[in-house]
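S.K.: I'll drop the sequence and a predicted model, then ask my questions.
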2 protein chains.
Amino acid sequence: LTVAEFDLIALIRDRCAIAREDVRLGIGDDAALLAVPAGQLLAVSTDTLVSGVHFPQSAKAYDIGWKALAVNLSDLAAMGATPAWAVLALTQPQADPRWVAEFAEGFAALAREFKFALVGGDTTQGPLSITVTVHGFVPDGAALLRSGARAGDAVFVTGTLGDAAAGLRCLDKNDCDADRLVSAPAGTRETLIERLHRPVPRVAQGLALRGRVSACIDISDGLLADLGHICSASGVGAELDADALPSSSALLAVFDADARRAFQLGGGDDYELCFTAKEGEASSLLGDLARSGCGATRIGRIVAKSGVRVSDAAGNCVPIVKAGWEHFE
Amino acid sequence: LTVAEFDLIALIRDRCAIAREDVRLGIGDDAALLAVPAGQLLAVSTDTLVSGVHFPQSAKAYDIGWKALAVNLSDLAAMGATPAWAVLALTQPQADPRWVAEFAEGFAALAREFKFALVGGDTTQGPLSITVTVHGFVPDGAALLRSGARAGDAVFVTGTLGDAAAGLRCLDKNDCDADRLVSAPAGTRETLIERLHRPVPRVAQGLALRGRVSACIDISDGLLADLGHICSASGVGAELDADALPSSSALLAVFDADARRAFQLGGGDDYELCFTAKEGEASSLLGDLARSGCGATRIGRIVAKSGVRVSDAAGNCVPIVKAGWEHFE
């Protein structure tokens, strides 16, 4: 740590100061010292955001701080883990305390919701990128894995799909849907863009699913890709009902059915949970999730034949069009 | 994870496959699941290497893999922690399986020495950089902190100092010491450059220091800067004996006393341990460290007055010249 580096980290630490008894030593030494509760496994995940790839170069520091933590908390949510601590590696072209302060505000705003502590970090000079490594707890045997889906299970998603990809489209100045956007209710564009920049990790929902689902994943690369990971890990396939995919009112206000479907199936960055469970569990699960503040929708079923297929209510196969989740550069 | 991303991570995982019973779930789900032994605290640290900043763009993938892990293990060593697990975030301009395979070989070569497991990762597209987050164990109350140095303690370093900074100088084609380098024994240049590219974390030495030293840090930014961190954290100062700084035979063969001193005091990347202990502990500590495979040297003492001062054997104050640890670009 150089002095400048230490100051930047201190700047973040001060904004993220959350007292946790299990943090025996936080930022300021060669490593943090942390106590994992007896009987709990440690869940660890890491994700990097690169400027121009995972967020546009015009993104606000606050939003980048929020999202860098959110995408990682989403991984803990998908495991059914309780968030506890993070370490942060921040690379920026020049040490920029004002930028870092705003970044830290966004990071801390989300961290506070979960009494989540920043316990260590490293700041380096280079092209802007952020790597967050998160730690959580899950009782031995209670984690939500990708590998337990069985033929006959139902497939669900929390919240609504496609908003983040639609938000990305709304950032495009040459947007072909501009006319529809103009006639949409006030704030619609902002709502979609906020879903892109400030995803909400489904932590409470992940905890509610413990012991009740056969597989779970968070949707970062798009429903088809991520459900595909469940299918691969479980040795099964899936059939989705295109008409069941949940849409927000903002998405419905701006995009037609074909565009919505492309966003919902292939668009990334939704950070909703996709999970599978026995059909008989469906009504109690859906009721409990609705009460958790973020409902879920049944969107299909697990089958023995590998691959993910999508059909509409009439039973016609829906051609799968990649949403074109492109880099920002 | 995209499919390509997953393949790269699998490529690394296969080369780093080390069976550990405490890894309940490794790479391939949303998070790793890990068991911390009862009675042990978890030590966590993260460090980023950026191309052109922390290593030259010409560096070999193998060396980058080695160093990315080494600098992090060095932080665990400085805490007196036993290495256990890492997660890796790798950003590269294009997915390059051959580069990743060589990177993984270097990473794994060092990991194997400590039965250290890679348990998770993320690969992204962008300017080359690597963030490793390491996890280790230390019994509650046994960690080596920066904050315990007291006036009257002796100051020590493991190994030799200045080789990495000298190795960096050797990479410079316009090297002003080129004549001395030509007349040095065969392999001298390579020895110094290897110290830069493949630092050896002093893990066994950190473990040997548990319960016997008042403060410890690893030397990443240079002796003066890092001993300065101990002094700040402990509320003390230090006086160093410039003539006591340990030099390798390679360093002695190429550089004069002034150049050596600049490298040793201000040069970074040595990854030796600097620690403080009561004078009465010195002989037993030095004996045990010599038997550990990496000896240590007494280089000064802790004083009440803040700041770090350096003097030669005659008692003259040595002016401190920053070694000029510059970016590679």
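M.R.: The structure has been received and is ready for your questions.
S.K.: what about the longest helix along chain A, near chain B?
M.R.: Looking across chain A with DSSP state H, the single longest helix is helix A:61-79. Yes: counting by Cβ under 8 Å from any Cβ of the partner chain, contacts between helix A:61-79 and chain B involve A:75-76, A:78-79. C-betas here are computed from N, CA, C, even on glycine.
S.K.: most neighbours out of these, which is it?
M.R.: Using other Cβ atoms under 10 Å in any protein chain shown as the neighbour test, these are led by A:A78, with 35 neighbours.
S.K.: would you say A:V155 is within a strand?
M.R.: Yes: the assignment for A:V155 (DSSP: H, G, I helix; E, B strand; the rest coil) places it in a strand.
S.K.: tell me which residues touch A:S311, please.
M.R.: A:239-242, A:317-318 (Cβ atoms under 8 Å, 6 or more residues apart in numbering or on different chains).
S.K.: by contact count, what packs against the helix or strand that contains A:L41?
M.R.: Following DSSP states H and E, one finds A:L41 within strand A:40-50. Helices and strands touching strand A:40-50, by 3 or more Cβ pairs under 8 Å, 6 or more residues apart in numbering or on different chains; DSSP states H and E, are helix A:61-79, strand A:129-139, strand B:32-34, strand B:82-92, strand B:117-125, strand B:129-139.
S.K.: same list, these, but as TSV with mean pLDDT and distance to B:G211 please.
M.R.: Listed next are those as TSV, based on pLDDT from 0 to 100; distance: least, Cβ to Cβ, whole Å:
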stretch	mean pLDDT	distance to B:G211
helix A:61-79	97	35
strand A:129-139	98	27
strand B:32-34	97	26
strand B:82-92	96	14
strand B:117-125	92	27
strand B:129-139	98	9
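S.K.: turn those into JSON lines, including distance to B:G159.
M.R.: Below are the helices and strands packed on strand A:40-50 laid out as JSON lines (distance: least, Cβ to Cβ, whole Å):
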{"stretch": "helix A:61-79", "distance to B:G159": "37"}
{"stretch": "strand A:129-139", "distance to B:G159": "29"}
{"stretch": "strand B:32-34", "distance to B:G159": "31"}
{"stretch": "strand B:82-92", "distance to B:G159": "19"}
{"stretch": "strand B:117-125", "distance to B:G159": "27"}
{"stretch": "strand B:129-139", "distance to B:G159": "21"}
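S.K.: closest to A:C294 out of those?
M.R.: Minimum separation from A:C294 across these (Cβ to Cβ) falls at helix A:61-79, 10.6 Å.
S.K.: can you list the low-confidence ranges for the stretch 101-250 of chain A?
M.R.: Where the stretch 101-250 of chain A drops to pLDDT under 70, the residues are A:173-178.
S.K.: which parts of it sit against chain B?
M.R.: Within reach of chain B by Cβ under 8 Å from any Cβ, the stretch 101-250 of chain A has these residues: A:119-122, A:124-127, A:129, A:131, A:133-136, A:138, A:140, A:143, A:145-147, A:216-218, A:220-221, A:225, A:229, A:233.
S.K.: do that again at 10 Å, thanks
M.R.: Residues of the stretch 101-250 of chain A lying near chain B by Cβ under 10 Å from any Cβ of the partner chain: A:119-136, A:138, A:140-141, A:143-147, A:206, A:215-218, A:220-222, A:225-226, A:228-229, A:232-233.
S.K.: are any of the residues you listed buried, and if so which?
M.R.: Neighbour counting by 16 or more other Cβ atoms under 10 Å in any protein chain shown classes A:119-136, A:138, A:143-147, A:206, A:215-218, A:220-222, A:225-226, A:228-229, A:232-233 among these as buried.
S.K.: now the residue of the stretch 101-250 of chain A found nearest chain B. Nearest residue, chain neighbours left out?
M.R.: Taking Cβ to the nearest Cβ, chain B has its nearest neighbour within the stretch 101-250 of chain A at A:G126, 3.5 Å off. Nearest in space to A:G126, with sequence neighbours left out and distances taken as Cβ to Cβ, 6 or more residues apart in numbering or on different chains, is B:V50 at 3.5 Å.
S.K.: how about A:E21?
M.R.: In space, A:E21 is closest to A:A35, 7.9 Å off (Cβ to Cβ, 6+ apart).
S.K.: verify the contact between that neighbour and A:R24 for me.
M.R.: Yes: A:A35 sits in contact with A:R24 when judged by Cβ atoms under 10 Å, with a separation of 6.0 Å.
S.K.: and the closest residue to A:M79 other than its chain neighbours, what is it in contact with?
M.R.: Using Cβ to Cβ, 6+ apart and skipping the chain neighbours, the partner closest in space to A:M79 is B:A31 (4.6 Å). Residues near B:A31 by Cβ atoms under 10 Å, 6 or more residues apart in numbering or on different chains: A:41-46, A:72, A:75-81, A:134-136, A:138, A:143-144, B:25, B:87, B:119-120.
S.K.: name the nearest residue to A:F275, ignoring sequence neighbours.
M.R.: Spatially, and ignoring its direct neighbours in sequence, A:F275 is nearest to A:C216 (4.1 Å; Cβ to Cβ, 6+ apart).
S.K.: give me the element that neighbour is part of.
M.R.: Assigned by DSSP H and E, A:C216 belongs to strand A:215-218.
S.K.: what's the answer for A:A111, then?
M.R.: Counting by DSSP H and E, the element that carries A:A111 is helix A:97-113.
S.K.: how far is that helix from where the chain is centred?
M.R.: Helix A:97-113 sits 18 Å away from the centroid of its parent chain (Cα atoms, centre = their mean, to the nearest Å).
S.K.: and that helix, what's buried?
M.R.: So helix A:97-113, judged by 16+ other Cβ under 10 Å, has buried residues A:99-111.
S.K.: who does it touch, helix- and strand-wise?
M.R.: helix A:3-15, helix A:61-79, strand A:82-92, strand A:117-125, strand A:129-139 (3 or more Cβ pairs under 10 Å, 6 or more residues apart in numbering or on different chains; DSSP states H and E).
S.K.: hang on, A:Q40 packs against B:R24?
M.R.: No: in this structure A:Q40 lies outside contact range of B:R24 using Cβ under 10 Å: 11.5 Å.
S.K.: one step back: which among the contacts of A:S311 end up buried?
M.R.: In the contacts of A:S311, the ones that pass as buried (16+ other Cβ under 10 Å) are A:239-242, A:318.
S.K.: so is the residue nearest to A:L240 when sequence neighbours are not counted in a helix, a strand, or just coil?
M.R.: Excluding the flanking residues, the one nearest A:L240 by Cβ to Cβ, 6+ apart is A:G300, at 3.8 Å. Following three-state DSSP, A:G300 is assigned to strand.
S.K.: one step back: and the residues of helix A:61-79 next to chain B, which is closest to A:R261?
M.R.: A:A78 (23.6 Å).
S.K.: A:V157 is in contact with the closest one, correct?
M.R.: No: using Cβ under 10 Å, A:A78 is not in contact with A:V157, being 12.0 Å away.
S.K.: so what sits against both of the two?
M.R.: Common neighbours of A:A78 and A:V157 (Cβ under 10 Å, 6+ apart) are A:202, A:219, A:226, A:272-275.
S.K.: no further queries at this time; thank you.
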